[in-house]
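*Asks:* show me how the following folds:
(chains A, B, C and D)
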4 protein chains.
Amino acid sequence: MTIRVGILGARGRVGQTIAEAVAAADDLELAATIDKDDNLQTLVDNNVDVVVDFTTPAVVMNNLEFVTTHGIHAVVGTTGFDDDRLEQVRQWCNNSDAHVLIAPNFAISAVLTMEFAKQAARFFPSAEVIEMHHPNKLDAPSGTAIHTARGIAEARAAANMDPQPDATDQSLDGARGATVDGIPVHAVRMTGAVAHETVIFGAQGQSLTIRQDSYDRTSFVPGVLVGVRNISNHPGLTVGLEHYLDI
Amino acid sequence: MTIRVGILGARGRVGQTIAEAVAAADDLELAATIDKDDNLQTLVDNNVDVVVDFTTPAVVMNNLEFVTTHGIHAVVGTTGFDDDRLEQVRQWCNNSDAHVLIAPNFAISAVLTMEFAKQAARFFPSAEVIEMHHPNKLDAPSGTAIHTARGIAEARAAANMDPQPDATDQSLDGARGATVDGIPVHAVRMTGAVAHETVIFGAQGQSLTIRQDSYDRTSFVPGVLVGVRNISNHPGLTVGLEHYLDI
Amino acid sequence: MTIRVGILGARGRVGQTIAEAVAAADDLELAATIDKDDNLQTLVDNNVDVVVDFTTPAVVMNNLEFVTTHGIHAVVGTTGFDDDRLEQVRQWCNNSDAHVLIAPNFAISAVLTMEFAKQAARFFPSAEVIEMHHPNKLDAPSGTAIHTARGIAEARAAANMDPQPDATDQSLDGARGATVDGIPVHAVRMTGAVAHETVIFGAQGQSLTIRQDSYDRTSFVPGVLVGVRNISNHPGLTVGLEHYLDI
Amino acid sequence: MTIRVGILGARGRVGQTIAEAVAAADDLELAATIDKDDNLQTLVDNNVDVVVDFTTPAVVMNNLEFVTTHGIHAVVGTTGFDDDRLEQVRQWCNNSDAHVLIAPNFAISAVLTMEFAKQAARFFPSAEVIEMHHPNKLDAPSGTAIHTARGIAEARAAANMDPQPDATDQSLDGARGATVDGIPVHAVRMTGAVAHETVIFGAQGQSLTIRQDSYDRTSFVPGVLVGVRNISNHPGLTVGLEHYLDI
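*Replies:* Below is the predicted model:
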């Protein structure tokens, strides 16, 4: 049985990309495409099972109130969810059969990198993160790299590990990177790059490297489809794609 | 409380390396070192909790019969275990409080690479394995690479995935690698290399790369110590270090 | 003094990308854009110094006859030049002050990879090439990888090097790759990949890796601009961007 | 005709490794091995053509005075040469037929990485250096990485390139690495690592990566043999193995 999918923000670049991917998938059906001047009732009229919402903070709450009220699940990549908004969405879910997935990052290779890094952390005395992005990025390191480092640090703390070995006593400023909860994080800015993250772990005689490359701006698509296909098994509100990966 | 460790094959290169690592670890105590002319009773006299056995197929069964009979756990890297031998060891475990871990590969980065590859496989249409070893290696691809490819293939089959996309219709012989259960595996032989394995996964707009490098012949040490530290929690016979990693 | 650039094939995707890059460069001026229904005389009327021709085999010879006759240099990425065509272009150059650069590959990172591989080859007993492309590619290995392997083989032959060490005597078919003049070449096909090439060299205790990644279809632009900027220093016909790199 | 090689510091670990490599090479003959209590006259008595000197700053000048006086070439990896010492060696060379090569780094993969980085620099708007070493290293970044960055910076300056693009305006301290003459340099410290250097270059739609891995402490051997084999063609004093590579 196919899943009937509605796209909110369907005329945006992201919405169009997702609509194409849904249309191309055998097990999914593109049942409705909605943009700002369209009536949400169209979702109901077309028996949509799941909406994908990549819209704006200004309209996403209105969208979610509507779909949860009508028992339609929602996979949400829109930004701007603070604790108050999440609590509101959680209540709407409690009062309906609709499930909601909100994720800051749908690049499945990035999500897996973070998860594997957490799993591997306690086996290696050394761990560092190197991220690489295009030179127009304003912040360094990336939010993903910081998040990855925190996950490693938490896993190390849970395993009562010693601080990382590092005999450096003579260093140029910045050479050893930024320190995020004890984990060195290095940010490279490179013309031509898109978004890339490498985590290196070292133990006696060996290293383990987990690397993620996003080559273009469609890298969220596979993760969104994982969300669409599995949302019926995840009641209530879920924050973070990692909870859908069963790893 | 420290764990009292005995080394079997203590005068071999591997045994010496493990003895040094045990002696250097705060939570472990090197309680006995045994080689071929020594009496196994020394293990009992010194209240050994766990032995590490990197000996030979010729003597390992005798060692294991002795230690299981005396309630001493065993972490075993010796080769040559067929089904009959494993069944015998399982019986000895059943008749005692001793636990046994037998693993073909203690390089923890390699074991994690295989495990992460299995976890990631179902999210990526494409997966290939590239292993690299020194040029004196007789077999290609390596047993580890074949094992990794099989793990990926099983995970793909369990998720009912389509065969990998590949439009190649004009190819030099061998260009696309060996095929192991549908997964291309490439073997590189390189002066100066030790043992390295890379698994690449691809999905729309992105790739995930998991890479393991063994830089020298002590890379089994961290995995052996994981075995020693956790064996009391794994009753009976366990085959494969991955079962000790809780991932 | 700025260089006045004309684009042939200006309404094609490639032509448009080059036109944008020319317009954005301080030292270049976009002086004329020509497509199939436009008159080549426009190039003369606008005092074009150099044309860039990414058109088709059907029209490129006509274009080149015109521009060489009028003393306008040409940087050519159009395909389909056989020996006869090259000889014809060479004659036109001899009879004029126009210079012509014809290159099969303008991705400067790929051209440099090939050149560095040739330079490094004689210092390393082992060398292998791994290329990675999207799964819609029809041939394996890529032309670039074959070309790279041949360059390495020639450098090894010139230095009277022994064949590569390789003790493999038990191998799955294809595991050791295709052999191009004695150099193993491995082709990976990966959803999400664009065009990537890695050359690995090994010597005692070390390796050297040269890797090229093309992330999108604009990667020819920097090489074309190198051609445009340097063509006045390269009289006659030149085949291959490597001759413009002064390395 | 074989080259007759003498080893100074022959009982040290490095000297022994070189002696083994010389003995194993068909075109070289191990003619004399000298350590601190041996008489240098042995070199003359055994008709040594070239000595390899990996000794100490305390004895190397005495060694070089002796060998240059006797017309024996010298390949020198001993440290501690300041301008005064180099000038002294230059004079000795001027007064004899002996040639001397003094190099701070004989890892040929590292020397090539630096040379290729210099060649590539002017074609790429972005360039960064990432080095990785074992955690017992005292300085960060490594001297090799600093030297590499300087070479890139000089090549960029010679080509009148603009500063690297970098829009970062919000950064954790150290995230963007140390800056060496405008080139970001990142230092990773990793248990199990030996000595590794990566240079990444970026241009529109592409990147070029040059990576060097030293896997063990014998990685100087191939470079020393390049020195021994080519020293007869390089009169006088040469500082740096790169001048022997003909690239």
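*Asks:* ok, residue A:232 to chain B distance?
*Replies:* Look at residue A:232 and chain B: by CB to the nearest CB, to the nearest Å, they are 17 Å apart. Bear in mind the C-beta positions are built from the backbone N, C-alpha and C, glycine included.
*Asks:* show me what contacts the spatially most central residue of chain A?
*Replies:* Closest to where the C-alpha atoms of chain A average out (CA atoms, centre = their mean) is residue A:105, at 1.7 Å. Residues near residue A:105 by CB atoms under 8 Å, 6 or more residues apart in numbering or on different chains: A:111, A:144, A:223, A:241.
*Asks:* kindly report the same for residue A:61.
*Replies:* A:85, A:88-89.
*Asks:* closest to chain C among those?
*Replies:* residue A:89 (31.8 Å; CB to the nearest CB).
*Asks:* helices or strands up against the one helix or strand the closest one maps to?
*Replies:* Assigned by DSSP states H and E, residue A:89 falls within helix A:83-94. In terms of contacts (3 or more CB pairs under 8 Å, 6 or more residues apart in numbering or on different chains; DSSP states H and E), helix A:83-94 is packed against helix A:57-69, strand A:100-102, strand A:237-239.
*Asks:* from the chain's centre, how far out does that helix sit?
*Replies:* Chain-centre distance of helix A:83-94: 19 Å, with CA atoms, centre = their mean, to the nearest Å.
*Asks:* how about that helix, which residues are buried there?
*Replies:* Of the residues in helix A:83-94, A:89, A:92-93 count as buried by neighbour count, 16 or more other CB atoms under 10 Å in any protein chain shown.
*Asks:* so what touches that helix?
*Replies:* By CB under 8 Å, 6+ apart, the list of residues contacting helix A:83-94 reads A:61, A:64-65, A:68-69, A:81, A:98-100, A:102, A:235-237, A:239.
*Asks:* ok, of those residues, which come out buried?
*Replies:* Buried among those (16+ other CB under 10 Å): A:61, A:64, A:68, A:81, A:98-100, A:102, A:237, A:239.
*Asks:* show me what the top helix by length along chain A is packed up against.
*Replies:* Using DSSP state H, we find that the single longest helix of chain A is helix A:143-158. Using 3+ CB pairs under 8 Å, 6+ apart, the elements in contact with helix A:143-158 are helix A:108-120, strand A:126-133, strand A:178-180, strand A:183-189, strand A:195-203.
*Asks:* from chain D, how far off is the residue nearest to the centre of chain A?
*Replies:* In terms of CB to the nearest CB, residue A:105 sits 19 Å off from chain D.
*Asks:* put together JSON lines for the buried ones among the contacts of helix A:83-94, with pLDDT and distance to residue A:153 on each row.
*Replies:* Formatted as JSON lines, those follow (pLDDT from 0 to 100; distance: CB to CB, whole Å):
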{"residue": "A:61", "pLDDT": "97", "distance to residue A:153": "33"}
{"residue": "A:64", "pLDDT": "98", "distance to residue A:153": "33"}
{"residue": "A:68", "pLDDT": "98", "distance to residue A:153": "35"}
{"residue": "A:81", "pLDDT": "96", "distance to residue A:153": "24"}
{"residue": "A:98", "pLDDT": "98", "distance to residue A:153": "35"}
{"residue": "A:99", "pLDDT": "98", "distance to residue A:153": "31"}
{"residue": "A:100", "pLDDT": "98", "distance to residue A:153": "29"}
{"residue": "A:102", "pLDDT": "98", "distance to residue A:153": "24"}
{"residue": "A:237", "pLDDT": "98", "distance to residue A:153": "26"}
{"residue": "A:239", "pLDDT": "97", "distance to residue A:153": "20"}
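*Asks:* just checking, residue A:71 touches residue A:100?
*Replies:* No. With contact defined as CB atoms under 8 Å, residue A:71 does not reach residue A:100; the gap is 11.8 Å.
*Asks:* what residues go with each domain of chain A?
*Replies:* Taking the TED database as the reference, chain A has its domains at A:3-102+A:218-244, A:108-215.
*Asks:* pLDDT wise, what is residue A:10 at?
*Replies:* Each residue has a pLDDT score; the one for residue A:10 is 95.
*Asks:* meant to ask about residue A:66
*Replies:* Looking at residue A:66, its pLDDT is 98.
*Asks:* next up, the contacts around it.
*Replies:* By CB under 8 Å, 6+ apart, the residues touching residue A:66 are A:40, A:43.
*Asks:* if we use 6 Å, what do you get?
*Replies:* Residue A:66 makes contacts with residue A:40, as judged by CB atoms under 6 Å, 6 or more residues apart in numbering or on different chains.
*Asks:* can you pull the phi/psi pair for residue A:74?
*Replies:* Backbone torsions of residue A:74, given as degrees, to the nearest 10, read phi -140, psi 130.
*Asks:* quick check: the gap between it and residue A:237.
*Replies:* Here the criterion is CB to CB, to the nearest Å. By it, residue A:74 lies 10 Å from residue A:237.
*Asks:* how about residue A:110?
*Replies:* Relative to residue A:237, and taking CB to CB, residue A:110 is found at 22 Å.
*Asks:* check which helix or strand the closest residue in space to residue A:28 that isn't next to it in sequence maps to.
*Replies:* Among residues not flanking residue A:28 along the chain, residue A:22 sits closest, at 4.7 Å (CB to CB, 6 or more residues apart in numbering or on different chains). Under the criterion of DSSP H and E, residue A:22 resides in helix A:13-24.
*Asks:* what residues does chain A put near chain C?
*Replies:* A:192, A:215 (CB under 6 Å from any CB of the partner chain).
*Asks:* may I see the buried residues of stretch A:113-122?
*Replies:* Buried residues in stretch A:113-122 (16+ other CB under 10 Å): A:113-122.
*Asks:* that older thread, can you redo the helices and strands packed on helix A:143-158 as CSV with mean pLDDT and distance to chain B?
*Replies:* CSV is the format used below for the helices and strands packed on helix A:143-158 (pLDDT from 0 to 100; distance: least, CB to the nearest CB, whole Å):
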stretch, mean pLDDT, distance to chain B
helix A:108-120, 98, 4
strand A:126-133, 98, 11
strand A:178-180, 98, 22
strand A:183-189, 98, 16
strand A:195-203, 98, 4
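*Asks:* minimum distance to residue D:53: which of those has it?
*Replies:* Closest to residue D:53 of the helices and strands packed on helix A:143-158 is strand A:195-203 (CB to CB; 34.0 Å).
*Asks:* now residue A:224. Its backbone dihedrals?
*Replies:* phi -60, psi -40.
*Asks:* how close does it sit to chain D?
*Replies:* The gap separating residue A:224 from chain D is 26 Å, by CB to the nearest CB.
*Asks:* counting neighbours, what do you get for that residue?
*Replies:* Neighbourhood size, residue A:224 [other CB atoms under 10 Å in any protein chain shown]: 25.
*Asks:* that one reaches residue A:106, doesn't it?
*Replies:* Yes. Using CB atoms under 6 Å, residue A:224 is in contact with residue A:106, at 5.2 Å.
*Asks:* got the residues of chain A near chain D?
*Replies:* Contact residues, chain A versus chain D (CB under 6 Å from any CB): A:125-126, A:128, A:135-136, A:138-141, A:165-178, A:186-193, A:202-207.
*Asks:* what's next to stretch A:31-40, contact-wise?
*Replies:* When contacts are defined by CB under 6 Å, 6+ apart, stretch A:31-40 is touched by residues A:4, A:6-8, A:10-11, A:19, A:42-43, A:46, A:48, A:66.
*Asks:* from those, which land in helices?
*Replies:* Of those, the ones assigned to helices by DSSP H are A:19, A:42-43, A:66.
*Asks:* which among the residues you listed gets closest to chain B?
*Replies:* Checking those against chain B by CB to the nearest CB gives residue A:19 as the nearest, at 14.1 Å.
*Asks:* and the closest residue to the closest one other than its chain neighbours, how many neighbours?
*Replies:* Sequence neighbours aside, residue A:7 is the residue nearest to residue A:19 in space, at 5.0 Å (criterion: CB to CB, 6+ apart). Neighbour count of residue A:7, defined by other CB under 10 Å: 27.
*Asks:* and residue A:7, what does it touch?
*Replies:* Contacts for residue A:7 (CB under 6 Å, 6+ apart) come out as A:15, A:18-19, A:33, A:52.
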